[in-house]
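Peer 1: Turn this into a model:
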Amino acid sequence: MEMRVLGRTGVRVSALCLGAMSFGRMGDTDQDAGVRIVDRALEAGINFIDTADVYSRGESEEIVGRAVKGRRDEVVLATKFFNPMSSSPNDRGGSRRWIMRACEDSLRRLGTDYIDLYQMHRPDPDTDLDETLGALSDLVRQGKVRLTGTSTFPAEELVEAQWAAERRGHVPFRCEQPPYSLFVRGPERDVFPVCRRYGMGAIVWSPLNGGWLTGKYRAGQQAPDGSRFDRLARGSWRVDASSARRKSELLAEIERIAADAGLDSITLSVAFTLAHPAVTSTIVGPRTLEQLESQLPAGEVRLSDEVLDQLDAVVAPGETVDRADLAYEPRAIRHARLRRVSGQ
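Peer 2: Numbering: from 1, shown residues only. The predicted structure follows:
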């Protein structure tokens, strides 16, 4: 497995990162299955594991902690905070109050005394960045966290965070975790250039676009039993969503390019994300051992310029087929009251 440096941190991580979102009741309730997936990933040369407190409400962290017990120092361990962990209004967000408690909770569930990479899962418009960065910097100085990062931040917020850290003497964010795939190329426009400018690593998620690029979903057809679209079946997680027909049409072209290159669509799609020079690592989030095995070969594949040019002709650089796949919209886009002056 190829090792790459995470931004300018000097920390070397595998080109494929094991994502643990499907560990626990969000995916597979068999905790032993999650441990077996971690075992196989480490055996294959993956040294980077990513989870979050909100995944199965802490169960994913517990499974990961159990799986790496006795070999903790062999693994670069990443987790996240921000999303609600209870009905309490303060058990979420980017406040110092919550960050300090969330970190302690994650440390306990993971069974470790330090987190290699602690990431803010989404921007928090209700909290001053100085408050968030100050709390995270204290965790780094206490030795409980080694590096800090973000997930699904727009480019302008990444820049603001870098400026705020420099002005206030805080530890800066060292990496960003955006969605990126053949169907979600938006980060190429702004997030990736910002990452490269500030020496941040990019750890990309959903390289198979939630399963679309595996070929198992088709517009107008029933999703396979037990699949993500079958389990969630809401909003953009519907095979009859407005973007589904276009994705199906584009998928046919991608499968043709993959076949001509002697690859399947899974290997082609994951390898595509690793071809961008800003990308440090691509998160693969298998629910089963079989899914992991199907994605491992991509870590050793290098796509030719000819293949990449063909893919550019299918989905243009910087284009996102369905904006919902970007997984973040500013509040003013979602709430009309923030776009209008109240009437007298």
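Peer 1: Quickly note the distance from the closest residue in space to A298 that isn't next to it in sequence to L6.
Peer 2: Leaving aside its chain neighbours, A298 sits nearest to V270 (3.5 Å; criterion: C-beta to C-beta, 6 or more residues apart in numbering). Every C-beta, even on glycine, is put in place using the N, C-alpha and C of the backbone. From V270 across to L6, the span is 19 Å (C-beta to C-beta, to the nearest Å).
Peer 1: who has more neighbours, those two?
Peer 2: Ranked by neighbour count (other C-beta atoms under 10 Å), V270 and L6 place V270 first, with 27 against 24.
Peer 1: Double-check the more buried one against L208; I have them as touching.
Peer 2: Yes. Counting by C-beta atoms under 8 Å, V270 touches L208, with 7.0 Å between them.
Peer 1: Show me the strands in this structure, by range?
Peer 2: 3-5, 12-14, 16-19, 48-50, 76-81, 115-120, 145-151, 175-177, 201-204, 279-284 (DSSP state E).
Peer 1: Redo those as JSON lines? Include mean pLDDT, mean neighbour count and distance to G262.
Peer 2: Below are these laid out as JSON lines (pLDDT from 0 to 100; neighbours: other C-beta atoms under 10 Å; distance: least, C-beta to C-beta, whole Å):
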{"stretch": "strand 3-5", "mean pLDDT": "98", "mean neighbour count": "14", "distance to G262": "25"}
{"stretch": "strand 12-14", "mean pLDDT": "98", "mean neighbour count": "22", "distance to G262": "24"}
{"stretch": "strand 16-19", "mean pLDDT": "98", "mean neighbour count": "26", "distance to G262": "20"}
{"stretch": "strand 48-50", "mean pLDDT": "98", "mean neighbour count": "27", "distance to G262": "28"}
{"stretch": "strand 76-81", "mean pLDDT": "98", "mean neighbour count": "26", "distance to G262": "32"}
{"stretch": "strand 115-120", "mean pLDDT": "98", "mean neighbour count": "24", "distance to G262": "35"}
{"stretch": "strand 145-151", "mean pLDDT": "98", "mean neighbour count": "23", "distance to G262": "34"}
{"stretch": "strand 175-177", "mean pLDDT": "98", "mean neighbour count": "27", "distance to G262": "31"}
{"stretch": "strand 201-204", "mean pLDDT": "98", "mean neighbour count": "26", "distance to G262": "24"}
{"stretch": "strand 279-284", "mean pLDDT": "98", "mean neighbour count": "26", "distance to G262": "20"}
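Peer 1: TSV for those strands, including distance to D28?
Peer 2: What follows is the strands of the chain, written out as TSV (distance: least, C-beta to C-beta, whole Å):
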stretch	distance to D28
strand 3-5	28
strand 12-14	22
strand 16-19	13
strand 48-50	16
strand 76-81	19
strand 115-120	23
strand 145-151	22
strand 175-177	22
strand 201-204	23
strand 279-284	15
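Peer 1: For the chain, which segments count as helices?
Peer 2: Using DSSP state H, the helices of the chain run over residues 31-43, 59-68, 96-110, 129-141, 155-168, 191-197, 228-232, 244-260, 265-274, 289-295, 305-314, 331-334.
Peer 1: Number of residues surrounding the residue lying closest to R168 once chain neighbours are set aside?
Peer 2: Spatial nearest neighbour of R168, chain neighbours left out: D130 (5.6 Å); criterion: C-beta to C-beta, 6+ apart. Neighbour count for D130, taken as other C-beta under 10 Å: 13.
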